[in-house]
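Student: I'd like to go over a predicted model; first the sequence, then the structure.
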Amino acid sequence: MAQIIDGKAIAADIRREVAAEVAALSSTHNVPGLAVVIVGSRKDSQTYVNMKRKACAEVGIRSVDVDLPEDISETALVAEVHRLNADPAVHGILVQLPLPKHINEEKILTEISIEKDVDGFHPLNIGKLAMKGREPLFVPCTPKGCMELLSRSGVTVKGKRAVVVGRSNIVGLPVSLLLLKADATVSIVHSRTPDPESIVREADVVIAAAGQAMMIKGDWIKPGAAVIDVGTNSVDDPTRKSGYRLVGDVDFGDVSKVAGYLTPVPGGVGPMTVGMLLKNTVDGAKRGIVE
Ligand SMILES: Nc1nc2c(c(=O)[nH]1)N[C@@H](CN(C=O)c1ccc(C(=O)N[C@@H](CCC(=O)O)C(=O)O)cc1)CN2
């Protein structure tokens, strides 16, 4: 049976570490500030933004709440980002994704100052992540959380075969680059890969980020492999009051019989996304202090 990696507990450790750093910074009148920007009223985005704002309050980060209407123009949103870029009390800027269809996401992410890009999505930060010998100012939160879950569980990736399932800009691509930087031998499988099972079966480390509920079965997994499930898919569940439940990209019951390590959904990677955002904000604040 796999050892279950408790993302909630590891994220709580990270929050304690961040809170101690925030207290030290605040004692020298350098309170870290995070702008949390939401456009529109998507329910899932509101949930995530509320989680981020609450987490800031818990660790002592000053959250600057920016709630903008669904029909805001791209020009007005860019102006808002520029205002936050210029605000010395703001050390990090987080624009919750996805944005409404009429706004060019890439344009907005490119306008965020790279020194405040705590999401790590600016093309310059991603570019540096992709280059050997270069380090980005910030690493995207979910991929960074995956690596942290592995290292804090004693799983080394150096010299191992790692397979990433999915190639999104938010998770699949950056986590592949992080694994490569950590000296793993990395393959990416995606919707156009023939016979993905046979490639996943070679992996010592699997990162599942395809967005397909319970796609990865036990017979895809090499015995003893470490499996990190990034999927958050809601499926109907009439036995629940809400009528649904969250499941990952991994068939948890099946894979737990084969894998060496496995993250649950919920309670695995999700809480780490917020933990890493807090950590990035503190790192940004420390970098911004002029002695
Ligand atoms: N600007 C960004 N937008 C989005 C990001 C991001 O990193 N930056 N990631 C996702 C959503 N996300 C954070 O924004 C996020 C997703 C899930 C969780 C989480 O803790 N999930 C819980 C379950 C929560 C629930 O019950 O609904 C878990 O997995 O245990 C946190 C943050 C897209 N947008």
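Tutor: Great, that's in hand.
Student: neighbours of the residue of the stretch 51-200 of the chain at minimum distance from the ligand, just the number please.
Tutor: Among the residues of the stretch 51-200 of the chain, residue 97 lies closest to the ligand, at 3.6 Å counting by Cβ to the nearest ligand atom. All C-beta spots, glycine's among them, are computed from the backbone N, C-alpha and C. Neighbourhood size, residue 97 [other Cβ atoms under 10 Å]: 15.
Student: what's the answer for residue 248, then?
Tutor: Applying other Cβ under 10 Å, I find that residue 248 has 29 neighbouring residues.
Student: Please apply the same query to residue 171.
Tutor: 26.
Student: What of residue 1?
Tutor: Neighbours of residue 1 (other Cβ under 10 Å): 9.
Student: Please determine how far it is located from residue 256.
Tutor: For residue 1, the distance to residue 256 equals 6 Å [Cβ to Cβ, to the nearest Å].
Student: Correct me if wrong, but residue 240 is in a strand.
Tutor: No: if the criterion is DSSP: H, G, I helix; E, B strand; the rest coil, then residue 240 is coil and not within a strand.
Student: for it, what are its contacts?
Tutor: For residue 240, no contacting residues are found, by Cβ atoms under 8 Å, 6 or more residues apart in numbering.
Student: just the one 4 residues further on next, same as before
Tutor: Contacts of residue 244 were listed using Cβ under 8 Å, 6+ apart, and they are 234, 235, 236, 237.
Student: Among these, name the ones in helices.
Tutor: Within the contacts of residue 244, no residue falls in helices by DSSP state H.
Student: Export the residues you listed as a markdown table, with columns for neighbour count and distance to the ligand.
Tutor: Output for the contacts of residue 244, formatted as a markdown table (neighbours: other Cβ atoms under 10 Å; distance: Cβ to the nearest ligand atom, whole Å):
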| residue | neighbour count | distance to the ligand |
| --- | --- | --- |
| 234 | 13 | 8 |
| 235 | 10 | 13 |
| 236 | 8 | 16 |
| 237 | 13 | 13 |
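Student: Between those, which sits nearest residue 35?
Tutor: residue 234 (28.6 Å; Cβ to Cβ).
Student: I'd say the closest one and residue 246 touch.
Tutor: Yes: using Cβ atoms under 8 Å, residue 234 makes contact with residue 246 at a distance of 5.7 Å.
Student: residue contacts, the residue of the chain found nearest the ligand?
Tutor: In the chain, the residue that lies nearest the ligand is residue 270 (2.1 Å; Cβ to the nearest ligand atom). Contacts were defined as Cβ under 8 Å, 6+ apart; by that measure residue 270 touches 7, 232.
Student: Now do it against residue 232, distance only.
Tutor: Distance, residue 270 to residue 232, by Cβ to Cβ: 6 Å.
Student: contacting residues for residue 256?
Tutor: 1, 2, 4, 262.
Student: Thought residue 257 was touching the first one, still the case?
Tutor: Yes: with contacts counted by Cβ under 8 Å, residue 1 reaches residue 257, the gap being 6.6 Å.
Student: which SS class is residue 107?
Tutor: Per three-state DSSP, residue 107 ends up helix.
Student: and it, how many neighbours?
Tutor: Residues near residue 107, counting by other Cβ under 10 Å: 13.
Student: quick one: it and residue 75 touch, right?
Tutor: No: look at residue 107 against residue 75 with Cβ under 8 Å: they stay out of range, at 10.2 Å.
Student: Pull the contacting residues for the residue of the stretch 51-200 of the chain closest to the ligand.
Tutor: By Cβ under 8 Å, 6+ apart, the neighbours of residue 97 are 45, 105, 170.
Student: residues near the last one, how many?
Tutor: By that I understand residue 170. Neighbours of residue 170 using other Cβ under 10 Å come to 20.
Student: Can you tell me the element it falls in?
Tutor: Under the criterion DSSP states H and E, no helix or strand holds residue 170.
Student: give me phi/psi at it?
Tutor: When quoted as degrees, to the nearest 10, the phi and psi of residue 170 stand at phi -80, psi -40.
Student: I'd like to know which residues of this protein are adjacent to the ligand.
Tutor: For the chain, the residues in contact with the ligand (Cβ under 6 Å from any ligand atom) are 47-48, 51, 94-97, 119, 141-142, 170, 232, 246, 265-267, 270-271, 273-274.
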